[in-house]
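# Build me a model from this:
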Amino acid sequence: MSWSVDICMKLGSLDLDLSMDSDGGTVALIGPNGAGKSTLLRTIAGAYSQVQGRILLQGRVVFDSEAGVALPPEARRIAYVPQGFGLFPHLNVLENVAFGWRAQRPHLSRKEHEAAACAMLEEMGCAQLASREIKQLSGGEKQRVSLARALLVEPQLLLLDEPFAALDITARRSMRAFLKSQLESREIPAIVVSHDARDLKTLDASLYVLEQGRVVQQGAHADLAANPETEFVAEFFDAEALASTD
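Here you go, the predicted structure:
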């Protein structure tokens, strides 16, 4: 599924001006701290409304401050998985997964919402977690549950902010492969933010380098590693080379 995102906006002291497009698959945003990566994901998702500018998804205006257009998150058909998974601690696993589905389909019964959530947990290989409390889950289990909640709403675009940051090394390797298989089998395009080049290499992501709110370089993993155009890009792939020797 091809997709495109065009953004020109001001958010506080940060100016965002970029276009991203893909014939499908995963796009990754990398950049130094404060470059605007997480802010960009939240803005695309509709979590921020006090901004000035314009956002187009697939050529469709979802936000325009001058025209007074601001589609709510559920109308954008975007699923957003924030850092730390974003699960509700007062709800169990099944209730967490069903949450977004209830918002999109309020006409369905509670039983129907829970049946859809159960089916998604089964697909994700974690049906046994349905009655668990969030505090009882491991990092890898929380990641699967948060991904199940995001995928249940059948998004046209999936946003993932540091999806592996809270995981240990073993869980991180496993979840990289799991996420790749889920995205490929479901043919869902995604934008991923990560500080680890190994994550992006496994996901076979096209890279966009964001510095000070603007894209300064883009391309395939191997191309950017071989021809870094900024100090950050060079250091990013130097860190990957060092990590691979650990």
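# Show me what the longest helix anywhere in the chain is packed against.
Secondary structure of the chain read by DSSP state H shows that its longest helix is helix 169-186. Applying 3 or more Cβ pairs under 8 Å, 6 or more residues apart in numbering; DSSP states H and E, one finds that helix 169-186 makes contact with helix 139-152, helix 197-202. Glycine gets a C-beta too; all of them are placed from N, C-alpha and C.
# Could you measure from Leu14 over to Met20?
When distance is defined by Cβ to Cβ, to the nearest Å, Leu14 is 17 Å away from Met20.
# swap that for Ala177, sorry
Spatial separation of Ala177 from Met20 under the definition Cβ to Cβ is 25 Å.
# Leu14 and Met20: which has the busier surroundings?
A count of neighbours by other Cβ atoms under 10 Å puts Met20 above the other of Leu14 and Met20, at 19 against 16.
# Return the residues in contact with that one.
In this structure, Met20 makes contact with 4-6, 27, 191, 208, 215, judged by Cβ atoms under 8 Å, 6 or more residues apart in numbering.
# Nearest spatial neighbour of it, chain-adjacent residues omitted?
Leaving out its chain neighbours, the residue that sits closest to Met20 by Cβ to Cβ, 6 or more residues apart in numbering is Val5, at 4.7 Å.
# Where does the residue nearest the centre of the chain fall, secondary structure wise?
Closest residue to the average C-alpha location of the chain: Leu160 at 1.7 Å, with Cα atoms, centre = their mean. Secondary structure from DSSP states H and E places Leu160 in strand 157-161.
# Done for today, thanks.
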